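**Student:** Output the structure for:
(chains A, B and C)
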Amino acid sequence: MEEKAAILEALIFAAEAPFSVEKAAGIFSELSKPEIADLFRKLAGDYESRGGGIVLQEVAGGFRFQTRIEMAPWVGRLKNVRPASFSPSAMETLAIVAYRQPVIKAEIDKIRGVDTGGVLKGLLEKKLVRIVGRKDVPGKPIIYGTSKRFLEVFNLKDLSELPTLREMKDFRSSEEIEE
Amino acid sequence: MEEKAAILEALIFAAEAPFSVEKAAGIFSELSKPEIADLFRKLAGDYESRGGGIVLQEVAGGFRFQTRIEMAPWVGRLKNVRPASFSPSAMETLAIVAYRQPVIKAEIDKIRGVDTGGVLKGLLEKKLVRIVGRKDVPGKPIIYGTSKRFLEVFNLKDLSELPTLREMKDFRSSEEIEE
Amino acid sequence: MSYEIKLDVFEGPLDLLLYLIKKNEIDIYNIPVALITSQYLGYLDVIRSLNLDLAGEYLVMAATLTHIKSRMLLPVVSDGEDEEEKDDPRAELVKQLLEYQTYKDAAGLLSGRPLLERDVFKLGAPPDTPSDAVEKDDIPVEADLFELVEAFRRIMAGLEIGDALEFSAEKLSLAERINEIMEILSQDGQVSFSGLVAEKISRKRIVYTFLAVLELIKLRMATVCQSEPFGEIRLFLAVKEEGDSSVVEIAEA
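**Tutor:** Numbering: from 1, shown residues only, chains lettered A, B, ... in the order given. Prediction:
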C-alpha cells in the first residue's frame, strides 16, 4: 500500500471520533484536501470490495472504521449487552429536532401534542441533542439542535443525508398502497 | 473474503480486549480451536503483507488490531490535538462559578462539600475561570468569575444565555410525570 | 368494543387519534367527528376505569373533539362571507394530525438506519495511549452546555433546604453588606437603592441592605439623593459630593 494511504488508515483507526479531511489536512501539510478526500474514498472502496468484517464508513463529517452491518448478529453475541434502543417518544422527538432545528421545546410539544420535557432531557443526556442557544423572543426559550453524536449514532454523513419530508410523504403513500 | 474470516475480523475489531481463540471457539461452535487459530494467523498475515497502517497483532493471549509501529509519529501528532473533556468535579465547580459569580472559594467548597482548591486551579489554568477581585472581608479572599473563554467553549453569547434553574426544573417535573 | 388493546402504547392524543383513524379506515381529510369522538372518549373511560394516570393532554383533546363536533352540528350561517363557508372546523386538527404523522414516519425511518451499537460497532479497545498528552494550555476543550447546567442542578438539588437557609443566614452580616455596598460605590461612585435590592434576594437581605445604607449615612460615608419626590433614591460616595443643587437632599434633613 502507498505510504500516504497507510498513514491515513492508521490515523482514522486511532482517532477517537470520525476523522475528517480537514483534520487529516492539518497533519498532512503536503497534501491538498481534494487529494486527501480521494485517498479516503479509495481506502473506503478497498475495504468495501475486500468483503471483510470491517468497513470504512463516512459519517458525521469524517470517516471511521466500523463492523459491516451483516456482522451485527455475531458482534451482538460478543457484546452480550442489550442493543441500544430508543423509545418511540424519543425517536419522535429526535426526528422533530432533526428536521425542524433550530427548534424550541414549545414547538416540539405542539407537534407531538404532549409535553416533551423528560424525553428531551434524556436526549440531552445521551448527547444526541444539544442546546444551541436562546431564541430572541419573550422568555428567551432554549433552542435545540442535533449533535455530532447524533450523526455518528445514526450513520449519517451530515444532515442533508436525512430523507426529505417530501420523500417521507411518498414513502407513506407507497406504504398505504402496499397494505 | 471467506465469511468465517470476515466474522472473526469483525469480532476482533469490536472486542474490548485482545480476542482469544477460546472466546472465538465459544461463538463459533462449528470450528475447532486449531482451525480458528489458523484463521487468526492467516488474517494477521494478510494485514501484514498488505502493508497498510494497521496490523493484527497477537498480544496478551489474543489478537487485536493496532496501528503499525512505523505510524507512531503520525498517530502521536493526532493524539496531541485530542480535545480535553471535563471531570465531573471540574464541571460542578465550573457550574457553581458560572451561576453564583462573583463567588469566593469558601462558598464553592461549602456548596460542593469538599475542598475545591485543585479543581479551581485547573480551571484557572484552562482559562475558563478568572480572578475578578478580592472581597473586602477579613482574609481578603479571591473572588472568581467565568472568563470570555468560558463563553466561547460553551457557545454562549453572554451569561444571560445560561439556562435558568427554572428551566431545569421544567425538565425535572416533566420527567417525574413520565416515570 | 374491545378497548383493552394498546392502552399505554400511545405516544399522546394525536397518536391515539391516528390509530382510530387507521383502525376505522377513515379518510383523514374527511373525519367523521362524531364517530371518532365517541371512540376517543371510550378509550379515555377505559384508561380511567383501570385507574391509570391520564395525562392532561388527553383531556384537552377530548374537549377539542367535543367542540369540533358541536360546531359541525351547527348549520352553516351564510353571512355573505365566502371564507366562513370554507372554514371547516376540522381543518386545524387535520393539519396537526398530518404534521404529526409526518414526523412519526420520520422517526420510523430514523430507527431503520444502521444504528451504532446495534447494527454497527466501533473499535472496541482503543490502542493504549499515554494519557499525559492532555493538560496543555492551548488544547481545545470539548464541552456541553447541558452538562454544565445538569451539574449545577444536581448540586442545588443535593443541598437540603435547611442547608441553603443556614448558608444564606450565616453569610449575612451588616458589616458585610456595608462592605459590599462600599465596594460598589468605590467602583461606580453611585448606585440606586433599587439596584442594590434588584437581585432576587431574601427579605432579610433587603432589610440588611436598608440598615447598611442608614449606617453608611450615619457614618457620613455616603449621601442619599432623590431627584424628585417618589423618584429613584440614589446613593453617592460621600467623598466627592459637589452634586448639583437641583437634587433634594433627604438624607441629612
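**Student:** Chain C - how does it break down into domains?
**Tutor:** C:13-76+C:84-111, C:141-237 (automatic domain parsing).
**Student:** lowest-confidence stretch among the ones you listed?
**Tutor:** Ranked on mean pLDDT, the bottom entry among the domains of chain C is domain C:141-237, at a mean of 71.
**Student:** what's the helix or strand for the residue lying farthest from the centre of chain A?
**Tutor:** Within chain A, the residue lying farthest from the chain centre (CA atoms, centre = their mean) is residue A:138, at 33.0 Å. According to DSSP states H and E, residue A:138 maps onto no helix or strand at all.
**Student:** Just give me the neighbour total for residue A:102.
**Tutor:** Residues lying near residue A:102 (other CB atoms under 10 Å in any protein chain shown) number 12. Just so you know, the C-beta spots here come from the backbone N, C-alpha and C atoms, and that holds for glycine as well.
**Student:** Which residue is the nearest non-sequential neighbour of it?
**Tutor:** Leaving aside its chain neighbours, residue A:102 sits nearest to residue A:143 (4.4 Å; criterion: CB to CB, 6 or more residues apart in numbering or on different chains).
**Student:** Okay, the one you found and residue A:71: tell me how far apart.
**Tutor:** Separation of residue A:143 from residue A:71 (CB to CB, to the nearest Å): 39 Å.
**Student:** between these two, which one's more packed in?
**Tutor:** residue A:71 (27 against 18).
**Student:** what's the pLDDT at that one?
**Tutor:** 93.
**Student:** Which phi and psi values does it adopt?
**Tutor:** Residue A:71 has phi and psi values of phi -90, psi -10 when expressed as degrees, to the nearest 10.
**Student:** Then residue C:54?
**Tutor:** Dihedral angles (degrees, to the nearest 10) for residue C:54: phi -110, psi 120.
**Student:** OK, contacts around it?
**Tutor:** C:44, C:47, C:48 (CB atoms under 8 Å, 6 or more residues apart in numbering or on different chains).
**Student:** so what's the second one closest to, chain neighbours aside?
**Tutor:** Read it as residue C:47. Nearest to residue C:47 is residue C:54, by CB to CB, 6+ apart, at 5.4 Å.
**Student:** I'd guess residue A:157 is in a helix, am I close?
**Tutor:** No: using DSSP: H, G, I helix; E, B strand; the rest coil, the assignment for residue A:157 is coil, not a helix.
**Student:** and it, what does it touch?
**Tutor:** Here residue A:157 is in contact with A:58, A:59, A:60, A:61, A:151 (criterion: CB under 8 Å, 6+ apart).
**Student:** Read off the pLDDT value for the last one.
**Tutor:** In this case it means residue A:151. 95.
**Student:** which other helices and strands contact the lengthiest helix in chain A?
**Tutor:** In chain A, taking DSSP state H as the definition, the longest helix is helix A:33-50. Counting contacts by 3 or more CB pairs under 8 Å, 6 or more residues apart in numbering or on different chains; DSSP states H and E, helix A:33-50 is packed against helix A:3-14, helix A:21-27, strand A:54-59, strand A:62-67.
**Student:** Tell me the most packed of the contacts of residue A:157, by neighbour count.
**Tutor:** Result: residue A:59 is most packed of those (other CB under 10 Å), 24 neighbours.
**Student:** In terms of pLDDT, where does that one sit?
**Tutor:** 94.
**Student:** Looking at strand pairing, list the partners for it.
**Tutor:** Note on residue A:59: beta-bridge partners residue A:62, judged by DSSP bridges.
**Student:** Any chance of the helices and strands packed on helix A:33-50 in JSON lines with distance to residue C:30 as columns?
**Tutor:** JSON lines is the format used below for the helices and strands packed on helix A:33-50 (distance: least, CB to CB, whole Å):
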{"stretch": "helix A:3-14", "distance to residue C:30": "55"}
{"stretch": "helix A:21-27", "distance to residue C:30": "53"}
{"stretch": "strand A:54-59", "distance to residue C:30": "44"}
{"stretch": "strand A:62-67", "distance to residue C:30": "48"}
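**Student:** In this structure residue A:54 contacts residue A:69, no?
**Tutor:** No: when contacts are counted by CB atoms under 8 Å, residue A:54 is not listed as touching residue A:69 (11.2 Å).
**Student:** Neighbour count for these two, which is higher?
**Tutor:** Just comparing residue A:54 and residue A:69: by other CB under 10 Å the higher neighbour count belongs to residue A:54, 24 against 13.
**Student:** who touches that one in this structure?
**Tutor:** Here residue A:54 is in contact with A:47, A:65, A:66, A:67, A:68, B:9, B:10, B:13 (CB under 8 Å, 6+ apart).
**Student:** What is the longest helix anywhere in chain C packed up against?
**Tutor:** Secondary structure of chain C per DSSP H: the longest helix is helix C:91-111. Contact analysis of helix C:91-111 by 3+ CB pairs under 8 Å, 6+ apart lists helix A:88-100, helix A:105-112, helix A:165-178, helix C:13-23, helix C:56-73 as its packing neighbours.
**Student:** May I have it as PDB, with CA atoms only?
**Tutor:** Extracted C-alpha coordinates of helix C:91-111, given in PDB (Å, rounded to 0.1, in the frame of the first residue of the first chain):
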ATOM      1  CA  ALA C  91     -59.100  21.900   9.400                       C
ATOM      2  CA  GLU C  92     -56.800  22.700  12.300                       C
ATOM      3  CA  LEU C  93     -56.900  19.200  13.700                       C
ATOM      4  CA  VAL C  94     -56.300  17.600  10.300                       C
ATOM      5  CA  LYS C  95     -53.300  19.800   9.800                       C
ATOM      6  CA  GLN C  96     -51.900  18.800  13.200                       C
ATOM      7  CA  LEU C  97     -52.500  15.100  12.600                       C
ATOM      8  CA  LEU C  98     -50.800  15.200   9.200                       C
ATOM      9  CA  GLU C  99     -47.800  17.000  10.600                       C
ATOM     10  CA  TYR C 100     -47.500  14.600  13.500                       C
ATOM     11  CA  GLN C 101     -47.900  11.700  11.100                       C
ATOM     12  CA  THR C 102     -45.000  13.000   9.000                       C
ATOM     13  CA  TYR C 103     -42.700  13.100  12.000                       C
ATOM     14  CA  LYS C 104     -43.800   9.800  13.200                       C
ATOM     15  CA  ASP C 105     -42.800   8.400   9.800                       C
ATOM     16  CA  ALA C 106     -39.500  10.300  10.000                       C
ATOM     17  CA  ALA C 107     -39.000   8.600  13.400                       C
ATOM     18  CA  GLY C 108     -39.600   5.200  11.800                       C
ATOM     19  CA  LEU C 109     -37.100   5.900   9.000                       C
ATOM     20  CA  LEU C 110     -34.600   7.100  11.600                       C
ATOM     21  CA  SER C 111     -35.000   3.900  13.600                       C
END
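**Student:** That one: what's the following helix or strand?
**Tutor:** Assignment by DSSP H and E places the next element after helix C:91-111 at helix C:145-158.
**Student:** buried ones in that next one?
**Tutor:** C:145, C:146, C:147, C:148, C:149, C:150, C:151, C:152, C:153, C:155, C:156 (16 or more other CB atoms under 10 Å in any protein chain shown).
**Student:** which residue packs closest to the fifth one, ignoring adjacent ones?
**Tutor:** I take that to be residue C:149. residue B:163 (4.8 Å).
**Student:** Could you pull up the residues touching the one you found?
**Tutor:** A:131, A:142, C:145, C:149.
**Student:** Where does pLDDT dip in chain A?
**Tutor:** The model of chain A has pLDDT under 70 over residues A:80-84, A:168-179.
**Student:** One more pass at 80, please.
**Tutor:** The model of chain A has pLDDT under 80 over residues A:79-85, A:166-179.
**Student:** domain ranges for it?
**Tutor:** If you go by automatic domain parsing, chain A breaks into A:2-78, A:88-178.
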